[in-house]
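J.: Structure for the following, please:
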Amino acid sequence: MTIQFRQLKYKLFPTFSPPPLYPGLLNRRTSQFQLQSLPISLPSFFPLHYSSLKHSHKARPQLCFPPSSIPRWVHDTFISYKQADTRNFVSHLHVALERNKIRTFIDCSLERGVEIAPTILEAIERSRSAIVVISQTFASSPWCLEELDKILECKEKKGQLVFLIFMDVDPREMREQSGPFKQIGQSKKGFGKANADKVRKWRDALRKAGNLTGWPLENRLEAEFIQSVVEKISRRLSGLGTNLLAFHPVGLDSQLQGLYSLLQLEVEDVRIVGISGTSGIGRTTLVQILYHQIANQFDRSCFLGNVKNISSHDGLVKMQKTLFGDIFSDGVSEFGDDVHGAIKFMRRKLHKKRVLLVFDDVEGLLEPLSNLIKAMNLGLGSRVILIPRHEETLIGLSGDIYKVRAMNDDQAIELFSWNAFQERYPKSDYEILSNCLTSVSKGLPLVLTVMGSFLNGKSVKEWQVAFDRLKEIPQGNGHEIMRIVIDGLEANERTIFLDIACFLHGYDKEEIIKSLSQCSIHANSGIEILAQKSLIYIDKNNKIWMHDLLQEMGRQIVIQECPTNPSKRSRIWCHEDALQVVRQHSGTDAIEGIKLDKVDVEDLIVNANSFKKMKKLRLFMMADHVPHCGLAGHLSKKLWKQFGRTQKLVSSRVGRRWWSKFPSSGLT
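T.: Have a look, this model is predicted:
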C-alpha cells in the first residue's frame, strides 16, 4: 500500500549493493559415487538419480572443529590490532563493547612474535565476528598479518563477520600494497627470502581486506567514533543472535536484494509491505537481516516481534509500550493505559520523522495495524513491514507483497551441512544420506537447521535409523520431520522443551532456569542442549523463544496425550480448559503444569480441592507473572493449603488482600 503525500526536493540512498552475506556456491558434481557402497533403501519419492550424482572433494574446507559437537560461539567479537600504536584506542573500544554486552576477546598478555599462538587461533575460530584495527605499522607485524589471514579464512569458511577500522590508513594503499603496506612483515622479527610463500599469503590477505568496507577514523573525535562503531556492530550482531538461521544465511543474497528493491527507499512516500511464505521458510530471518542493514538510514526504527491479540485494548496498550521502549527513551509511563494519549504523543514525536517499523507474527490484524500506522503520522520515506503468521492476514493489503522462496537443492544441502558438519558440504560417508534427508525438507530452512543440528555427531547407523523413519512420513510434512527430533530428546530436555512450548515462551532465561531448577530439572544444561539443537533461541535481551512451528508441535504432543479430556494432559495452557478443570474439580495426577490468565480469586478459593487432586503439579502460572514452581506434589499441597485456609473467609475482600501478595510469595 502506497500513501502519496508530497515530493521532496531530494532523494536518499538511491542505490543499494549489499555485501555478499555468504560465499558463493561451488559446483559439487564432479566425481562418481556408487550407490551400492551404503546399505540404504531409497524412498520412491526421492527425485535424484544416484547413478549420475557427483560431488567434489577438492574445494572443500577442512573442519575447524570435531564433528562430534556443534561449535558454539564463545566470543561475540575478536579484536586484532598492533599494540604499539593503537593500545589506548583499543582499550576504549574494548570498554565500549563490554558496556554494550558484546563479549570480546582481546589479547593483552601474550608475547607477540613471528608465530601466532594456538590460543589466538582458537579464539578467532570461536568468535562470531572480528574487528581489525588497521594502523600505519600493522603490516610490519607478522603476528597481525597471521591474525588477519586467519580471520579472512574464517570469514570464507564460517561466514564470520569482519569489521575494519582504518586509523590514518587509506584502504587503497592496502589494495595496491603501497605506502605503509609496501614492506610486509619487515619488523625486527621479520622474515627473509626463505619465507616468501608466507609473505605472498599476507599480501593476498591485505588485498582482500582492502576491498572490504570499513570505518575510517580520519579527524573525528575518538569517543564519538567509537560510540558510532559499537552501535553499528551491536546492530549487526543482535540481528544474528536472535534467529535460528542467522549464523548460516545461505541463499539469502538474491532475496535480500529483491526485498530491498521492493521497499524503494529512494521514494519519498509511506509504504507498507507484506511478507508472505510458508511458516518455517525464513521470513523473519530475511527481514531481520535486512532490517539491521538499513536501520541506520532511518531516524527511528523498531522490530516488534510476536505481535498478537493487539485488537483488544490491553493488547494495544502492551504493544504501544513496547514501541515506546524501542523508539523513545521517555514518555512511556506518563500515559498508562491511555491509548489515545499515547497515539497523540507518537504523532507529535514522529511528525516528519523517517521511521522503519517491522511487525512480526501478526495474526488477522491488518485493519487495526493499518489504522494505528495512519494515526502515528509517520514522516515521508517511512517503511512498515508486516510478517503474518498466516498468509491470509495479507488479504486486502493493497500495497506490495514479497513472497519468500524456498531453498533450491544446492542451498538446502549447504544449510543442512553447516548444521550437521559445520562445513559447506557433507562428509564423504554421509553424502547420500544427506541428500536423501534434505530432499524431504521441501527447502524449508527451519526443517534443515533442526534436522542437521539433531544429526550432528551421530553415526551413519543413527542417520540410517532417522532416515528409515522419514521414509514413512508424507513428503514435505515438516511437523512430522521435526517430531523425530523431539522424540529423540532425553527426558530432561524433552520436559524443558514442552514447558517452554506450553508456558514459558518469551520468558527470561534466568527466570526459567531458576523456576525449573526448583522442580529438580537440570534447566541450565537442558536449555544449552536445546539451543545447540536449534529448538530454541535466546535473543539479545536474554529471553528464550521458539519458532511457532516448533511451539505448535510441542503443544500438539501434549494434546495427543488425551485429545478429548484436558484434565488428563500433563500441561494445560488454554485458559478456558484450565478454568473448567478448576471449577469442575476435575484435576488429576496427570497434570504437571497449569496456567490461568484472568480469573477471580474467589474461583480458586471455592475450588481449592481441585489442586489437591493434582498430585504431580510442579508449575502454576497466573497471567504473565513469574511461574510458581516446586517439586511434584509439593506445590499442589501448598496451593490447596493456601486456598483451603481462605475458603472460610466471610468477605471476599479479605481473600483479595491475601491474593495481592500471592504473585510474589514464591510458593515453593
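J.: Neighbours of the closest residue to Arg172 other than its chain neighbours, how many?
T.: Computed as CB to CB, 6 or more residues apart in numbering, the closest residue to Arg172 that is not its neighbour in sequence is Gly210, at 7.1 Å. Quick note: C-beta positions are derived from backbone N, CA and C, even for glycine. Look at Gly210: counted by other CB atoms under 10 Å, it has 21 neighbours.
J.: Find me the pLDDT at Phe611, would you?
T.: What the model reports as pLDDT for Phe611 is 87.
J.: how far away is it from His628?
T.: Distance, Phe611 to His628, using CB to CB, to the nearest Å: 12 Å.
J.: Which one's more surrounded, these two?
T.: Phe611 (26 against 22).
J.: Tell me which helix or strand the more buried one sits in.
T.: In this assignment (DSSP states H and E), Phe611 forms part of helix 609-612.
J.: Contacts for that helix next, please.
T.: 581-587, 617, 636-637, 639-640, 643-644 (CB atoms under 8 Å, 6 or more residues apart in numbering).
J.: List every C-alpha atom in that helix, with coordinates, as PDB.
T.: C-alpha atoms of helix 609-612 as PDB (Å, rounded to 0.1, in the frame of the first residue of the first chain):
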ATOM      1  CA  ASN A 609      -9.900 -29.100  46.300                       C
ATOM      2  CA  SER A 610      -9.100 -29.300  42.600                       C
ATOM      3  CA  PHE A 611      -5.500 -28.500  43.300                       C
ATOM      4  CA  LYS A 612      -5.400 -31.200  46.000                       C
END
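J.: where in the stretch 201-350 of the chain is pLDDT low?
T.: For the stretch 201-350 of the chain, residues meeting the criterion pLDDT under 70 lie at 235, 238-247, 306, 308-349.
J.: Would it be right to say that Asp360 lies in a strand?
T.: Yes - counting by DSSP: H, G, I helix; E, B strand; the rest coil, one finds Asp360 located in a strand.
J.: Any figure for the gap between it and Phe181?
T.: Counting by CB to CB, the gap from Asp360 to Phe181 is 45 Å.
J.: neighbour-wise, which of those two wins?
T.: A count of neighbours by other CB under 10 Å puts Phe181 above the other of Asp360 and Phe181, at 23 against 20.
J.: Surely Ser140 touches Gln183?
T.: Yes - under the criterion of CB atoms under 8 Å, Ser140 makes contact with Gln183 at 6.7 Å.
J.: quick one: stretch 409-427 to chain centroid distance?
T.: Computed by CA atoms, centre = their mean, to the nearest Å, the separation of stretch 409-427 from the middle of its chain amounts to 19 Å.
J.: can you give me the mean pLDDT across that stretch?
T.: 90.
J.: Only the buried residues of it, if you could.
T.: The neighbour-count check on stretch 409-427 (16 or more other CB atoms under 10 Å) flags 411-426 as buried.
J.: ok, of the residues you listed, which one's closest to Leu304?
T.: Leu415 (27.1 Å; CB to CB).
J.: Report all helices and strands that the helix or strand where the closest one lies contacts.
T.: If you go by DSSP H and E, Leu415 is part of helix 409-421. Applying 3 or more CB pairs under 8 Å, 6 or more residues apart in numbering; DSSP states H and E, we find helix 409-421 packed against helix 431-439, helix 445-455.
J.: Report the next helix or strand after the helix holding Phe611 in sequence order.
T.: Past helix 609-612, the next helix or strand by DSSP H and E is strand 619-622.
J.: which stretches of the stretch 401-550 of the chain aren't confidently modelled?
T.: Low-confidence segments of the stretch 401-550 of the chain (pLDDT under 70): 474-478, 540.
J.: Alpha carbons of stretch 434-453, in PDB - could you do that?
T.: Provided in PDB are the C-alpha atoms of stretch 434-453 (Å, rounded to 0.1, in the frame of the first residue of the first chain):
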ATOM      1  CA  SER A 434      22.400 -36.100   3.500                       C
ATOM      2  CA  ASN A 435      20.900 -35.800   0.000                       C
ATOM      3  CA  CYS A 436      18.100 -38.200   1.000                       C
ATOM      4  CA  LEU A 437      17.300 -36.200   4.200                       C
ATOM      5  CA  THR A 438      17.300 -32.800   2.500                       C
ATOM      6  CA  SER A 439      15.100 -34.000  -0.300                       C
ATOM      7  CA  VAL A 440      12.100 -34.300   2.100                       C
ATOM      8  CA  SER A 441      12.600 -30.800   3.600                       C
ATOM      9  CA  LYS A 442      10.800 -29.000   0.800                       C
ATOM     10  CA  GLY A 443      13.600 -26.400   1.000                       C
ATOM     11  CA  LEU A 444      12.400 -25.100   4.400                       C
ATOM     12  CA  PRO A 445      15.300 -23.700   6.300                       C
ATOM     13  CA  LEU A 446      13.800 -24.400   9.700                       C
ATOM     14  CA  VAL A 447      13.500 -28.100   9.000                       C
ATOM     15  CA  LEU A 448      17.000 -28.200   7.500                       C
ATOM     16  CA  THR A 449      18.500 -26.500  10.500                       C
ATOM     17  CA  VAL A 450      16.700 -28.500  13.200                       C
ATOM     18  CA  MET A 451      17.400 -31.800  11.400                       C
ATOM     19  CA  GLY A 452      21.000 -31.000  10.700                       C
ATOM     20  CA  SER A 453      21.600 -29.900  14.300                       C
END
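J.: can you offset everything so residue one is 3?
T.: Understood, numbering begins at 3; the last thing we discussed is stretch 436-455.
J.: Give me the buried positions along it.
T.: In stretch 436-455, counting by 16+ other CB under 10 Å, buried: 436-455.
J.: Doesn't His250 belong to a helix?
T.: No - if the criterion is three-state DSSP, then His250 is coil and not within a helix.
J.: so what's it closest to, chain neighbours aside?
T.: Trp420 (4.2 Å).
J.: got it, and Leu261?
T.: Tyr404 (5.1 Å).
J.: Which of the three states applies to the one you found?
T.: strand.
J.: which ones are touching it?
T.: Contacts of Tyr404 by CB under 8 Å, 6+ apart are Gly260, Leu261, Leu264, Val275, Gly276, Ile277, Ser278.
J.: Where strands are concerned, which of these count?
T.: Val275, Gly276, Ile277, Ser278 (DSSP state E).
J.: Could you give the number of residues near the third one?
T.: Close neighbours of Ile277, defined as other CB under 10 Å, add up to 23.
J.: Check the closest residue to Ile561 other than its chain neighbours and give its pLDDT.
T.: What sits nearest to Ile561 in space, not counting adjacent residues and going by CB to CB, 6+ apart, is Arg571, at 6.8 Å. If you check Arg571, the pLDDT there is 96.
J.: Also Lys643?
T.: At Lys643, pLDDT is 78.
J.: same deal with the one 4 residues further on?
T.: Looking at Arg647, its pLDDT is 62.
J.: Dump the helix or strand harbouring Arg202 to CSV, keeping only the CA atoms.
T.: Here Arg202, judged by DSSP H and E, is contained in helix 198-212. What follows is helix 198-212, C-alpha atoms only, in CSV (Å, rounded to 0.1, in the frame of the first residue of the first chain):
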residue,chain,number,x,y,z
ALA,A,198,58.5,-15.8,0.5
ASP,A,199,55.4,-18.0,0.4
LYS,A,200,54.2,-16.7,3.8
VAL,A,201,54.7,-13.1,2.7
ARG,A,202,52.8,-13.8,-0.5
LYS,A,203,49.9,-15.1,1.6
TRP,A,204,50.0,-12.0,3.8
ARG,A,205,49.9,-9.7,0.7
ASP,A,206,46.8,-11.6,-0.6
ALA,A,207,45.1,-11.1,2.8
LEU,A,208,45.8,-7.4,2.8
ARG,A,209,44.4,-7.0,-0.7
LYS,A,210,41.2,-8.9,0.3
ALA,A,211,40.8,-6.8,3.4
GLY,A,212,41.4,-3.6,1.4
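J.: now that helix: how far from the chain's centre is it?
T.: Centroid separation for helix 198-212 versus its chain: 34 Å, with CA atoms, centre = their mean.
J.: And it, what's buried?
T.: Buried positions in helix 198-212, judged by neighbour count with 16+ other CB under 10 Å: Lys200, Val201, Trp204, Arg205, Ala207, Leu208, Lys210, Ala211, Gly212.
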